Each structure stands twice: as C-alpha cells, then as structure tokens.
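*Asks:* for reference, the sequence and a predicted model appear below.
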Amino acid sequence: FNLSMKKFLRSLKKSFSEALSNNEYVIRLVRKYPTFFIFIKNRLSFAKPYGFLFTAGIIASAYFFIYFLSITQDVLTKDQFVEADVRIMNLIAAFRNIKVAQILLLFTYLGNWQIIVSLGFIILIILWLLGKKRMAMFFTYGVVSGFLAFALFKLLLHHTRPNIGFSLIPQNGYSFPSGHAVLSVIFYGMIGYG
C-alpha cells in the first residue's frame, strides 16, 4: 500500500507540474512575476531549510491561531459550549483517582515555568556550543513571544478560574489562555521541530 501510494503521489505531482508548465496563462504569469514564483518554488521545496515543512508549519500555526481567536470569541460572549465547562469539571472530578492525578500532575510539572526556563537554558547552551546560533535565537524568540502573547491575552480577557475545589494545585490569576498549555506547546513543539 505504501509503495503504491508513493507512486500515485509522484505520478500526480508529475502530471500537475506538466499541466502547469505547459499552460500559456501560467507561462505568462511566471515571466511577468519571476521573483514571486521563485519564492513559491523555494517554499514548496523539501530540500530548502525554509521549504515545504517550514511553510506547512506556518500554515498550521496560522490555522490554530485563528481557531484560538474563535475560542476567545466564545469565551468573551459566554457561548453555551464554554459555559459547559462546569459540567465537564464535575464529570472529571467524579472519575478522579490518585493514580490518574499523579500522571496528570507529572505533565503539569513539565509545563511549569521553572522546568521550561531550566531546560530552555540547557538547550540554548547546547545549540550555542554546536554553532547553531540562528536556531538558538529562533528558539528564544519563539518561547519569549509565546509567553508575552499569552500574558497579554490573559490581561485582556480576565477569564476567572473555576472553583478551587476542582483543582489539584491551587493557582492564582486568570485561567484563559492556559500558560502551561501555551508554553508547553511552543517549547516542546520547537524541540520536536529542531
């Protein structure tokens, strides 16, 4: 199956490329805007460092940011879906047990700022020693801008935390967006990407 799928995708790509390269309208556009089409070709190349994977990552990030803005709108307008969180918390609390709580607490601790900062400094030192200064700067900018973005959203939205009876670890401040979730996705996502 895998081999036949690869052959199919290669054939599809070849057919699509030939159809585009022989189209008069496309040929005129390429001649008129060569810089733009070189840019597009580089963005879709698997061989370039900022090629297809980077482009797919940017598109996915834009999609999830728009989805986040949609959820933010639901929080601000007190949508029924968002208001259902109390019922969901009651359901989760009913099934809570010590073993599951310990596993979830481990993941919570991996998202604490102390762990993120400590591991972040270790990763920056390793990247710097390996001569990957650009990647170290990209990593730093990603984590810092993610922190600033979620902090700004928390200040703007003022979404209160749920009843303290539901939490295993008491927290102060606002609840949405979750700092643990935002920093964990950015931090561990960038480690996975690198």
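*Replies:* Nice, thanks for sending it over.
*Asks:* any residues touching whichever strand or helix holds residue 114, and which ones?
*Replies:* Using DSSP states H and E, residue 114 maps to helix 113-129. Residues from elsewhere that reach helix 113-129, judged by C-beta atoms under 8 Å, 6 or more residues apart in numbering: 109, 133, 135-136, 139-140, 143, 179, 183-184, 187, 191, 194. The way it works is simple: take the backbone N, C-alpha and C, and place the C-beta from them, glycine included.
*Asks:* quick check: the farthest pair among those?
*Replies:* Based on C-beta to C-beta, the longest span within these runs between 109 and 133 and measures 30.4 Å.
*Asks:* quick one: list the elements packing against the helix or strand containing residue 14.
*Replies:* Assessed by DSSP H and E, residue 14 sits inside helix 2-21. Taking 3 or more C-beta pairs under 8 Å, 6 or more residues apart in numbering; DSSP states H and E as contact, there are no helices or strands that helix 2-21 lies on.
*Asks:* pLDDT on that helix, on average?
*Replies:* Helix 2-21 carries an average pLDDT of 78.
*Asks:* contacts for that helix?
*Replies:* Contacts for helix 2-21 (C-beta under 8 Å, 6+ apart): 26, 27.
*Asks:* next helix or strand past it?
*Replies:* Following helix 2-21 in sequence order, the next helix or strand is helix 24-32 (DSSP H and E).
*Asks:* how far away from the center of its chain is the helix or strand just after that following helix?
*Replies:* Later in the chain than helix 24-32, the nearest helix or strand by DSSP H and E is helix 34-43. Distance of helix 34-43 from its chain centroid, counting by C-alpha atoms, centre = their mean, to the nearest Å, is 26 Å.
*Asks:* next, the distance between the ends of stretch 91-107.
*Replies:* 21 Å (C-alpha to C-alpha, to the nearest Å).
*Asks:* that stretch: which residues count as buried?
*Replies:* When burial is assessed from 16 or more other C-beta atoms under 10 Å, stretch 91-107 yields no buried residues.
*Asks:* average model confidence for it?
*Replies:* 74.
*Asks:* swap in stretch 45-53?
*Replies:* The model assigns stretch 45-53 a mean pLDDT of 77.
*Asks:* now the residue with the largest distance to the centre of the chain: how far from residue 91?
*Replies:* For the chain, the largest distance from the centre (C-alpha atoms, centre = their mean) belongs to residue 24, which lies 39.4 Å off. Using C-beta to C-beta, to the nearest Å, residue 24 is found at 61 Å from residue 91.
*Asks:* out of the contacts of helix 113-129, grab the one that's most surrounded.
*Replies:* Among these, the one with the most neighbours (other C-beta atoms under 10 Å) is residue 187, at 23 neighbours.
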